[in-house]
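# Need a 3D model of the sequence below.
(chains A and B)
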Amino acid sequence: MHSQLITFIKKEFLHVFRDRKTLLMLFGLPIAQIILFGFALSNEVKDSKIVVADYSKDAVTTKIISKIGSSKYFNIQQSLQSADELQSAFKKGVIKMAVIFPQNFGNDLIHTNKVTIQVIADASDPNLATTVTNYVTNIINDYNAELTNGNVQPLQIVPEVKMLYNPELRGAPNFVPGVMALVLMLVCTMMTSVAIVKEKELGTMEILLVSPFKTIYIIIAKLAPNLIISVVNLFIILILSSVFLDLQVKGSVLLLTFCSMLFILTSLSIGLLLSINAQTQQSAMTASLMGMMLPTMLLTGFLFPIENMPIVMQVLANLVPSRWYFIIVKRVMLKGLGFSAVWKETLILSAMCFFLFAVSLRKFKTRLQ
Amino acid sequence: MEHVIKTEKLTKRFGDFIACNELSFEVGKGEIFGFLGANGAGKTTAMRMLCGLLKPTSGKASVAGFDVFTQTEKIKMSIGYMSQKFSLYDDLTVAENIRFYAGIYGMRTKQIKEKTKELLDELGLQNEEKTLVSALPLGWKQKLAFSVSIVHAPDIVFLDEPTGGVDPVTRRQFWDLIYHAADKGVTVFVTTHYMDEAEYCNRVSIMVDGVIAALDSPANLKHEFNCDNMEDVFYQLARKAKRSDG
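Numbers count the residues shown, from 1 in each chain, chains lettered A, B, ... in the order given. Coordinates of the predicted model:
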């Protein structure tokens, strides 16, 4: 029976490589996307979760902190005390920025006329980081001007800004994970559903059903080429990013590959599901584009931050697999984190994968009856 | 005569709709059996049940000696199938198509090589081995599709309206192939809309509204219904039908 499967898979690859247009799309897409997303996108930021560490706790710091807190741009999470807690919060992605007031802030300001406030921002999304640090810098400068007004000596409160994970504020670190999610999703979902529906359109599906070829093998053979091509695409993207965008994988490539496979499988299952009701290749393609690409682009979180969306959209975003994959990629690739940091997202992705695969398999088999 | 297809009150219901109502008939080995009927009469449903694609609601049937309820896998190994849409892959070559289908039916590489050569010689397609099927004329495609459907030497081959869209000469040549296969002992179960093709069959059954309205040799049917040709026989039976293509 296995030789049958190999025969079938070989045939599937022949189909793929004989179709110029498909070939172009499969391999041209990742390259095109990387070029396409070479521009920075800015978006307004509100209610960013930040943390304030006040080691001085005097009248001045309290004043500044209350100004920051009352700004619509910020949402002060909790007051952290240790550097470890801070690091941990950044790694988890829970906070976007930390503002740290050193000890004796108020005193030093009066006596030396100059103090510094440390501002640390998560620059894995450089747009967000730039925006929030600008906002807080403005608030500090405004207060600074207020204080100075009426004083003979100018008082200087200097914010020292440090960008974490992406000190040069390059756009690449933000959009490469997004491109990965998008490309993998598109190829797996669209190409798979089209390939299956093509078989239906041609009438060859019937032949396969009448043959002693097991239904499960038909499914495996249809999914196999796209799975392999997607893994190849994954490595193309990683290599291109490394060579042309100077972006390497900081964490474990193995972990990244494993999670990518989960995501690929999920997308393939969705492609399978979409192929069931589609009668023509055209409708399969349209369903994939409308049903998957659009939500992926809008709700993954790489074009528009999910935190700023209305609750309804945020809930919807949780249903989109690429949203979870995107988080995993950012953490493993950009922050160099290990499994312990992404186990929750991996679990969610695995559950989605398993569920979708089981459902699509069952529906496909039933439909064929 | 050995019966390769046997049905006894074979019925298929879809909810309240009875697609096939207690079909009972037999087909002998090496017979060319025509399965006629208007669109919506239940032909396709009946054929799907015999191919192991659809589970019947009630009744009994055996194909190549295997039960359609419990032994569909064995049935699939013993039959061939050619659908209206020819079933060949346009973007693969002639040889690749043969190799693929032979492989699906479990033939070994050596067997496949031999069979490929045999088939190409038989059809006169030796020069087209590496040609993409899309480049072949329609008539050749049909003949190739038929040969491919019996590449694994099945006991029975099911042909679902195999000669759509070609001229009468090509259709005649196609039927030569069918005769050739029947001579070798392959039973041919064919559905068709062309009444002149009905004349080529050993026996013909006509389905109307889910039941078999007539089953006999073309000669006997013409005699029974007092007609000169099968077209008139068909017309007499089919015009009383209540169902048609939805």
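# so A:Ala53, which of the three states?
Per DSSP: H, G, I helix; E, B strand; the rest coil, the local secondary structure of A:Ala53 is strand.
# Could you report the neighbour count for it?
The tally of other residues near A:Ala53 (other CB atoms under 10 Å in any protein chain shown) stands at 19. To be clear about C-beta, it is placed using only N, CA and C from the backbone, and glycine gets the same treatment.
# what bridges to it?
When bridges are taken as DSSP bridges, the partners of A:Ala53 come out as A:Ile100.
# from chain B, which residue is nearest to chain A?
Chain A sits closest to B:Lys85 of chain B, with a gap of 2.9 Å, by CB to the nearest CB.
# Now that residue: closest residue in space that isn't a chain neighbour?
Leaving aside its chain neighbours, B:Lys85 sits nearest to A:Gly203 (2.9 Å; criterion: CB to CB, 6 or more residues apart in numbering or on different chains).
# distance of the one you found from B:Glu122?
Per CB to CB, to the nearest Å, A:Gly203 is found 24 Å from B:Glu122.
# go on, B:Asp90?
Distance, B:Asp90 to B:Glu122, using CB to CB: 22 Å.
# Kindly report the same for A:Met293.
Between A:Met293 and B:Glu122 the computed distance is 49 Å (CB to CB).
# ok, and what's touching the helix or strand of chain B with the lowest mean pLDDT?
Confidence across the helices and strands of chain B bottoms out at helix B:195-198, with a mean of 85, counting by mean pLDDT, DSSP states H and E. Helix B:195-198 has contacts (CB atoms under 8 Å, 6 or more residues apart in numbering or on different chains) with B:34, B:36, B:163, B:168, B:171, B:175, B:190, B:192, B:204, B:218, B:229-231, B:234.
# redo that, cut-off 6 Å
B:34, B:36, B:204, B:230-231, B:234 (CB atoms under 6 Å, 6 or more residues apart in numbering or on different chains).
# same thing with stretch A:326-335?
The contact list for stretch A:326-335, computed with CB under 6 Å, 6+ apart, reads A:124, A:165, A:173, A:177, A:180-181, A:249, A:251, A:255-256, A:259, A:300-302, A:337, A:341-342, A:345.
# Let's see that with 7 Å instead.
If you take CB atoms under 7 Å, 6 or more residues apart in numbering or on different chains as the criterion, stretch A:326-335 is touched by A:91, A:124, A:165, A:173, A:177-178, A:180-181, A:249-252, A:255-256, A:259, A:300-302, A:337, A:341-342, A:345-346.
# Which stretches in the chain count as strands?
Going with chain A. Here chain A has its strands, by DSSP state E, at A:48-54, A:74-76, A:97-101, A:114-122, A:156-164.
# should've been chain B
Per DSSP E, chain B carries strands over the ranges B:3-14, B:17-28, B:32-37, B:58-63, B:66-67, B:79-82, B:156-160, B:187-191, B:203-208, B:211-216.
# Neighbouring strands - and their directions - for the second one?
Put plainly, it is strand B:17-28. strand B:3-14 (antiparallel).
# Could you give me the buried positions within the strand it pairs with?
The neighbour-count check on strand B:3-14 (16 or more other CB atoms under 10 Å in any protein chain shown) flags B:4-5, B:7, B:10-12 as buried.
# quick one: which of those is nearest to A:Ile270?
Nearest to A:Ile270 among these is B:Lys12, at 33.1 Å by CB to CB.
# Just list whatever residues bridge to that closest one.
Under DSSP bridges, the beta-bridge partners of B:Lys12 are B:Cys20.
# That one and B:Met49 touch, don't they?
Yes - here B:Lys12 lies in contact with B:Met49, judged by CB atoms under 7 Å, at a distance of 6.2 Å.
# Let me know the pLDDT of the residue of the stretch 201-350 of chain A found nearest chain B.
Taking CB to the nearest CB, chain B has its nearest neighbour within the stretch 201-350 of chain A at A:Gly203, 2.9 Å off. Taken from the predicted model, the pLDDT recorded for A:Gly203 is 72.
# what about it, how many neighbours?
By the criterion of other CB under 10 Å, A:Gly203 has 16 neighbours.
# which phi and psi does it have?
phi 100, psi 0 (degrees, to the nearest 10).
# residues touching it, list them.
For A:Gly203, the contact set (CB under 7 Å, 6+ apart) comprises B:83-85, B:87.
# Widest-spaced pair of those?
Put simply, by CB to CB the two of the contacts of A:Gly203 set farthest apart are B:Gln84 and B:Ser87, 8.9 Å from each other.
# Between these two, tell me which one has more neighbours.
B:Ser87 (26 against 16).
# so who does the closest residue to A:Thr130 other than its chain neighbours touch?
Closest residue in space to A:Thr130, ignoring its immediate chain neighbours: A:Leu169 at 6.3 Å, by CB to CB, 6+ apart. Neighbouring residues of A:Leu169 by CB under 7 Å, 6+ apart: A:123, A:126, A:129-130, A:163.
# who in chain B is up against chain A?
Residues of chain B lying close to chain A (CB under 7 Å from any CB of the partner chain) are B:51, B:53-54, B:73, B:76-77, B:81, B:83-85, B:87, B:89, B:91-92, B:96, B:100, B:103-106.
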